[in-house]
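**Student:** My questions are about this predicted structure, shown below with the sequence.
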Amino acid sequence: MERDFDTVRAVQWRDGRLVLLDQRLLPARTEYVTIDDVQATARAIRDMVVRGAPAIGVSAAYGVVLAARACYARVAEGWREALRADLEVLGAARPTAVNLAWAIARMARRAAVPGTGDPSAALLAEARAIHEEDIAANHRMGELGAALIEGPCGVLTHCNTGSLATGGYGTALGVIRSAYRAGKLSEVYADETRPWLQGARLTAWELRADGIPVRLLVDGAGAHLMAAGKVGWLIVGADRIAANGDVANKIGTYSAAIVARHHGVRVMVVAPGTTVDLATPDGASIPIEQRDPEEVLAFGGRRVAPEGVAAWNPAFDITPAALIDVLVTERGVVQAPDRARMVAVFAPSTAGV
Ligand code: MRU
């Protein structure tokens, strides 16, 4: 069988529980956290045991199964009412990735289907479907994105968008997996991705686990890399894509995209339809998560900034659609995304799915 360079599964359902690979500990330790209630699911999302927009959505879907099971055990008649508060707790865990709200809304619709008895089995089937659909979408995007790359060339990626960040295979990293398999990549460069180091800790770990060579650089080295002509594509994921094609993604994506445009490096955003939010008109309307200043003031758990210094720590930024050459989704490829092209591909079905 052909290798697909994809062995990691960060989100699993085992023996009636949610099992998450604890991404805070990688690469030093490979440990799994077992979760059996919705509060712990929300905490795991907030504290980044699991992170990456699609992986957050899949985890939340399983979290709804845990919540409904507990509500039904507590109040068999009124479990749907009781579930509402749990869905709110889950939805508040992280604000930027729309996959979270999308998955909860889909699970809530399934929960609203009339029926009596324990809802767990039906909801678990729905959560599994969300998980499997995500992996299938990633494989499709991998093919579509890799087809756009005329190799061999170098590529640069930012953050972690792989199996760790999704149901499996990955978005931007899925394209990199597919292109690597097709022999189109001369070199994969990964930004370390300050401050949480998703690139240095996670992308490097995941690619190494799957035998794909990767070269790390500090985020500030991207301009020099592109000026040196070492990459043909900047390939990134997304946490939310607004109706006009503006993209929220990990902090640093915007500056990388500006530099890419300056140097004629093409910018590919890879994201499933579940990341597209036509209800958000533009990037300025996307809520940007602010995280603990300590992430900036310290490095590897050791404080590096002087005491008394403040920090500004937005976790995401907005890349305007005008800087994006191509958006790859499982529904198809959108060249030079703008409002009209987004609506043509994603309306009306995405908004309600
Ligand atoms: O803060 P994180 O690690 O959850 O941020 C993740 C990203 O920004 C990813 O690029 C995005 O979620 C896409 S993952 C397929």
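**Tutor:** Happy to help now that I have it. Everything numeric here is computed off the predicted structure, so don't read it as measured data.
**Student:** For whichever residue of the chain sits closest to the ligand, give me phi and psi.
**Tutor:** As assessed by C-beta to the nearest ligand atom, the ligand sits closest to G237 within the chain, at 2.9 Å. For the C-beta atoms, the positions are set from N, CA and C on the backbone; glycine is no exception. Main-chain torsions, G237, degrees, to the nearest 10: phi -100, psi -160.
**Student:** can I assume it is in contact with G174?
**Tutor:** No: look at G237 against G174 with C-beta atoms under 8 Å: they stay out of range, at 9.3 Å.
**Student:** which residues do those two both contact?
**Tutor:** Contact criterion C-beta atoms under 8 Å, 6 or more residues apart in numbering; residues shared by G237 and G174: 161, 270.
**Student:** Around the residue of the chain closest to the ligand, how many other residues sit close by?
**Tutor:** 31 (other C-beta atoms under 10 Å).
**Student:** How about it: what's its closest non-neighbour residue?
**Tutor:** Nearest-residue entry for G237: T161, 3.5 Å, with adjacent residues in sequence omitted and distances by C-beta to C-beta, 6 or more residues apart in numbering.
**Student:** for D282, what are its contacts?
**Tutor:** 242-244, 246.
**Student:** Kindly recompute the last result at 10 Å.
**Tutor:** D282 makes contacts with 242-246, 318, 320-321, 339, as judged by C-beta atoms under 10 Å, 6 or more residues apart in numbering.
**Student:** What are the phi and psi values at it?
**Tutor:** Dihedral angles (degrees, to the nearest 10) for D282: phi -160, psi 170.
**Student:** before we move on, back to that, next, count neighbours for the residue nearest to G237.
**Tutor:** Burial measure for T161: 33 neighbouring residues, criterion other C-beta under 10 Å.
**Student:** Contact residues of the stretch 51-200 of the chain facing the ligand?
**Tutor:** 51-54, 97, 159, 161, 165-166, 171, 198 (C-beta under 6 Å from any ligand atom).
**Student:** and with 8 Å instead?
**Tutor:** 51-56, 94, 96-97, 99, 158-162, 165-166, 170-173, 196, 198 (C-beta under 8 Å from any ligand atom).
**Student:** re the thing from before, just to be sure, the residue nearest to G237 is in a strand?
**Tutor:** No: per DSSP: H, G, I helix; E, B strand; the rest coil, T161 lies outside any strand segment and is coil.
**Student:** Test my guess that R201 contacts D22.
**Tutor:** No: proximity of R201 to D22 does not meet the contact threshold set by C-beta atoms under 10 Å, at 11.8 Å.
**Student:** which one of these two has more residues nearby?
**Tutor:** Remark: of R201 and D22, R201 carries more neighbours, 21 against 17, as counted by other C-beta under 10 Å.
**Student:** Can you give me the pLDDT of the more buried one?
**Tutor:** Predicted confidence (pLDDT) at R201: the value is 98.
**Student:** Can you name the residues that contact it?
**Tutor:** R201 makes contacts with 23-28, 160, 164, 192-193, 300, as judged by C-beta under 10 Å, 6+ apart.
**Student:** Going through these, which ones are buried?
**Tutor:** 23-24, 26, 160, 164, 192-193 (16 or more other C-beta atoms under 10 Å).
**Student:** so how many other residues sit close to V328?
**Tutor:** 27.
**Student:** SS state for it?
**Tutor:** Strictly by three-state DSSP, V328 counts as strand.
**Student:** Please tell me I have it right and it contacts R266.
**Tutor:** No: using C-beta under 10 Å, V328 makes no contact with R266, being 11.8 Å away.
**Student:** Which neighbours do these two have in common?
**Tutor:** By the contact definition C-beta under 10 Å, 6+ apart, V328 and R266 are jointly contacted by 148, 235.
**Student:** roughly how far out does the top helix by length along the chain sit from the chain middle?
**Tutor:** In the chain, taking DSSP state H as the definition, the longest helix is helix 120-148. Remark: helix 120-148 is offset 13 Å from the chain centroid, using C-alpha atoms, centre = their mean, to the nearest Å.
**Student:** and if you look at stretch 75-90?
**Tutor:** Here the centre of stretch 75-90 is set off from its chain's centre by 27 Å, with C-alpha atoms, centre = their mean.
**Student:** buried residues in that stretch?
**Tutor:** Buried-residue list, stretch 75-90, by 16+ other C-beta under 10 Å: 79-80, 82-83, 86-87, 90.
**Student:** Please narrow the residues you listed to those residing in strands.
**Tutor:** Secondary structure assignment by DSSP state E places none of the buried residues of stretch 75-90 in strands.
**Student:** At which residues are the strands of the stretch 151-300 of the chain located?
**Tutor:** Here the stretch 151-300 of the chain has its strands, by DSSP state E, counting those that start in this stretch, at 153-157, 185-191, 215-217, 233-236, 240-242, 247-250, 266-270, 276-277, 298-299.
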